[in-house]
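Trainee: Sharing a sequence plus its predicted fold:
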Amino acid sequence: MALLYSLCCVSFSALVIVALYVSPVVSTSRRVLGDYGKLENGFRVTLKHVDSSKNLTKWERIQRGIKRGNHRLQRLNAMVLAASGDSAEVQAPIVAGNGEFLMDLSIGTPPNSYSAILDTGSDLIWTQCKPCTQCFDQSTPIFDPQKSSTFTKLSCSSDLCEALPQSTCSDGSCEYLYTYGDYSSTQGVMATETFKFDSVSVPNIGFGCGEDNEGDGFSQGAGLVGLGRGPLSLVSQLKEPKFSYCLTAMDETQKSLLLMGSIASANESLGEMRTTPLIRNPSQPSFYYLSLQGITVGSTRLPIKESTFALEDNGSGGVIIDSGTTITYLEQAAFSVLKKAFILEMKLPVDTLSSTGLDLCFTLPSGSTQVEVPKLVFHFDGADLDLPAENYMIADSSSGVICLAMGGSSGMSIFGNVQQQNMLVVHDLEKETVSFIETQCQNI
């Protein structure tokens with residue numbers, strides 16, 4: 001079955017018309033910590049893409065995202081390799097870091113406004129704090145805990161201090177060191193504070209007050225909000241540990257959305273909900289691992305062994321869903337099979353000269369206004385995702401190419417944010433599931 005990728009937006013029978021752009025074990029256990037952020041209902045905030053303030057075309061944003069995604073993939077694979085014991089290098093515990101979206105929030109009493117990077121691949125919430133021995137430039141004043149009446153340092157025996165991958169004790173206070181996969185880091189004191197998201201205030205959120213911070217990846221914001229599965233993350237500290245997001249396409253003016261707590265539940269009136277269980281990787285407990293059982297291109301299920309995407313006993317391999325990675329990366333053997341299938345189905349010449357940064361591009365017919373592309377279905381455990389064409393094909397008529405928004409990986413596979421756009425994606429840490437509803441974000 002084929003989809004038509006076109007300048008007009010019409011649908012009929014089995015063909016869908018979309019725009020041609022110009023420019024091993026399921027676990028239900030969860031570590032519950034002390035009495036931190038209490039939130040009876042929930043809140044919603046808009047998200048900004050990290051490149052939204054720049055005067056860039058969609059294609060330029062994609063290319064920048066691909067470069068960041070390639071670096072992120074390398075960091076993630078290095079982390080898994082180190083944790084599996086296959087790396088000879090001994091180093092401090094490292095986490096993923098960075099992301100593709102920013103959220104606005106306020107910290108302290110009285111509240112001070114900041115933007116922070118949202119990251120589903122790490123746990124710690126932190127911001128730069130005074131006195132700062134080393135801080136990167138940020139557009140807002142650095143948070144001064146002495147001017148907040150609700151700032152409280154955490155003791156060394158606190159649950160959150162004990163949950164840190166690396167900490168020390170100084171004068172009874174918990175000090176942390178959090179190192180990211182690109183060797184950027186934040187170091188400071190653990191504390192609790194009142195956070196405000198839109199109009200909703202949440203007291204006693206545990207966070208890192210960073211007094212020594214370095215790295216190139218944080219310059220878009222004043223810190224980072226971890227949404228991983230570990231106990232330090234924002235979602236784990238809420239009374240109802242769930243969140244959802246709807247990510248718009250990069251060229252849309254409509255903002256992306258993040259919903260936290262009870263309001264993050266999927267509204268089935270939006271459309272059919274597909275739910276798949278999460279898999280837990282003891283060596284990487286922060287990541288959201290899914291069970292990918294196969295892929296269909298066109299009308300053919302690809303000859304890829306299910307074990308290709310399996311999580312190995314040593315913690316390597318597997319598939320994670322990640323909002324902080326732009327495109328999807330598949331284990332190299334699987335990606336090679338997928339590439340061959342697309343070359344066979346597309347019936348267009350492969351473009352070998354383009355500098356898009358993507359692995360597979362095709363030359364568009366001269367003067368074409370639409371082109372057929374094959375269906376693409378990801379078969380997760382209990383959830384078949386039949387993706388819209390714009391969630392995996394990116395066209396640039398000015399360059400005369402249309403490209404597959406996917407790449408190969410020498411380790412883990414990642415289901416990236418282009419493939420998730422215009423879906424409500426619900427992460428439920430209590431039920432240990434991820435659910436998908438295809439929708440337009442403005443409908444939420």
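Mentor: Received the coordinates, thanks.
Trainee: make it CA atoms for all contacts and neighbour counts henceforth
Mentor: Noted.
Trainee: For the residue nearest the centre of the chain, give me its contacts.
Mentor: The centroid of the chain falls nearest to residue 323 when counting by CA atoms, centre = their mean (1.8 Å). Applying CA atoms under 8 Å, 6 or more residues apart in numbering, we find residue 323 in contact with 99, 100, 119, 120, 416, 417.
Trainee: Take those residues and write them to TSV, including neighbour count, pLDDT and secondary structure.
Mentor: Formatted as TSV, the contacts of residue 323 follow (neighbours: other CA atoms under 10 Å; pLDDT from 0 to 100; DSSP: H, G, I helix; E, B strand; the rest coil):
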residue	neighbour count	pLDDT	secondary structure
99	29	78	coil
100	21	88	coil
119	26	91	strand
120	24	92	coil
416	21	95	coil
417	23	95	coil
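Trainee: hmm, back to that, where's the residue nearest to the centre of the chain, which helix or strand?
Mentor: Using DSSP states H and E, residue 323 sits within no helix or strand.
Trainee: Relative to residue 287, how far out is it?
Mentor: According to CA to CA, to the nearest Å, residue 323 stands 11 Å off from residue 287.
Trainee: Can you pull the residues that touch both of these two?
Mentor: Residues touching both residue 323 and residue 287 (CA under 8 Å, 6+ apart) are residue 120.
Trainee: Where in this protein is the helix or strand with the lowest mean pLDDT?
Mentor: Counting by mean pLDDT, DSSP states H and E, the chain has its least confident helix or strand at strand 11-12, which shows a mean of 28.
Trainee: per-domain residue ranges of this structure.
Mentor: 2-28+271-443, 42-82+94-256 (automatic domain parsing).
Trainee: Would you mind giving these as a markdown table with distance to residue 264 added?
Mentor: Output for the domains of the chain, formatted as a markdown table (distance: least, CA to CA, whole Å):
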| stretch | distance to residue 264 |
| --- | --- |
| domain 2-28+271-443 | 7 |
| domain 42-82+94-256 | 5 |
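Trainee: To residue 262, which of the ones you listed lies closest?
Mentor: Nearest to residue 262, of all the domains of the chain, is domain 42-82+94-256, at 5.3 Å by CA to CA.
Trainee: Can you measure across that closest one, start residue to end residue?
Mentor: End residues of domain 42-82+94-256 are separated by 17 Å (CA to CA).
Trainee: Number of residues surrounding the closest residue to residue 251 other than its chain neighbours?
Mentor: Distances taken as CA to CA, 6 or more residues apart in numbering place residue 58 nearest to residue 251, at 5.4 Å, with adjacent residues excluded. By the measure other CA atoms under 10 Å, the count of residues near residue 58 is 19.
Trainee: Please report the distance of residue 58 from residue 51.
Mentor: The gap separating residue 58 from residue 51 is 10 Å, by CA to CA.
Trainee: What is the longest helix of the chain by residue count?
Mentor: Selection of the longest helix in the chain by residue count, based on DSSP state H, yields helix 58-84.
Trainee: other SSEs contacting that helix?
Mentor: Judged by 3 or more CA pairs under 8 Å, 6 or more residues apart in numbering; DSSP states H and E, the packing partners of helix 58-84 are strand 94-95.
Trainee: where's residue 155 relative to residue 187, distance?
Mentor: Relative to residue 187, and taking CA to CA, residue 155 is found at 16 Å.
Trainee: Just after whatever helix or strand residue 372 lives in, pick out the following helix or strand.
Mentor: In the assignment (DSSP H and E), residue 372 maps to strand 370-374. Next helix or strand after strand 370-374 toward the C-terminus (DSSP H and E): strand 376-380.
Trainee: Strand partners (parallel or antiparallel) of that next one?
Mentor: Sheet pairing here is set by DSSP bridges, and for strand 376-380 it gives strand 292-297 (antiparallel), strand 383-386 (antiparallel).
Trainee: Can you tell me which of the ones you listed is packed in deepest?
Mentor: strand 292-297 (a mean of 21; mean count of other CA atoms under 10 Å).
Trainee: helices and strands around the following helix or strand past that strand, which ones?
Mentor: Using DSSP H and E, the helix or strand that follows strand 292-297 in sequence is strand 300-301. Taking 3+ CA pairs under 8 Å, 6+ apart as contact, there are no helices or strands that strand 300-301 lies on.
Trainee: What mean pLDDT does strand 300-301 get?
Mentor: Strand 300-301 shows a mean pLDDT of 98 in the predicted model.
Trainee: In the chain, where's the longest strand?
Mentor: In the chain, taking DSSP state E as the definition, the longest strand is strand 200-214.
Trainee: Need the contact partners of the helix or strand following that strand.
Mentor: Going down the chain from strand 200-214, the next helix or strand is strand 223-226, by DSSP H and E. Residues from elsewhere that reach strand 223-226 (CA under 8 Å, 6+ apart): 98, 115-128, 218, 232-234.
Trainee: Just those: which are in helices?
Mentor: Judged by DSSP H, the subset of the contacts of strand 223-226 located in helices is residue 234.
Trainee: bridging residues for residue 408?
Mentor: residue 330.
Trainee: Nearest to residue 365, out of the strands paired with strand 376-380?
Mentor: Of all these, strand 292-297 comes closest under CA to CA, at 21.9 Å.
Trainee: per-residue confidence averaged over the closest one?
Mentor: Average pLDDT, strand 292-297: 98.
Trainee: what does it rub up against?
Mentor: Residues from elsewhere that reach strand 292-297 (CA under 8 Å, 6+ apart): 301-302, 304-306, 309-310, 319, 338, 341-342, 374-381.
Trainee: In a markdown table: the strands paired with strand 376-380, plus distance to residue 66.
Mentor: Formatted as a markdown table, these follow (distance: least, CA to CA, whole Å):
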| stretch | distance to residue 66 |
| --- | --- |
| strand 292-297 | 22 |
| strand 383-386 | 23 |
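Trainee: Which stretch among the ones you listed approaches residue 253 most closely?
Mentor: Nearest of those to residue 253, taken as CA to CA: strand 383-386 at 24.8 Å.
Trainee: Mind checking what helix or strand follows the closest one in sequence?
Mentor: strand 393-396.
Trainee: and that following strand, how far out from the chain's middle?
Mentor: Strand 393-396 sits 22 Å away from the centroid of its parent chain (CA atoms, centre = their mean, to the nearest Å).
Trainee: ditto for stretch 201-210
Mentor: Centre-to-centre, stretch 201-210 and its host chain are 22 Å apart (CA atoms, centre = their mean).
Trainee: again with stretch 118-126
Mentor: On the basis of CA atoms, centre = their mean, stretch 118-126 sits 10 Å off its chain's mean C-alpha point.
Trainee: repeat for stretch 189-206
Mentor: 22 Å.
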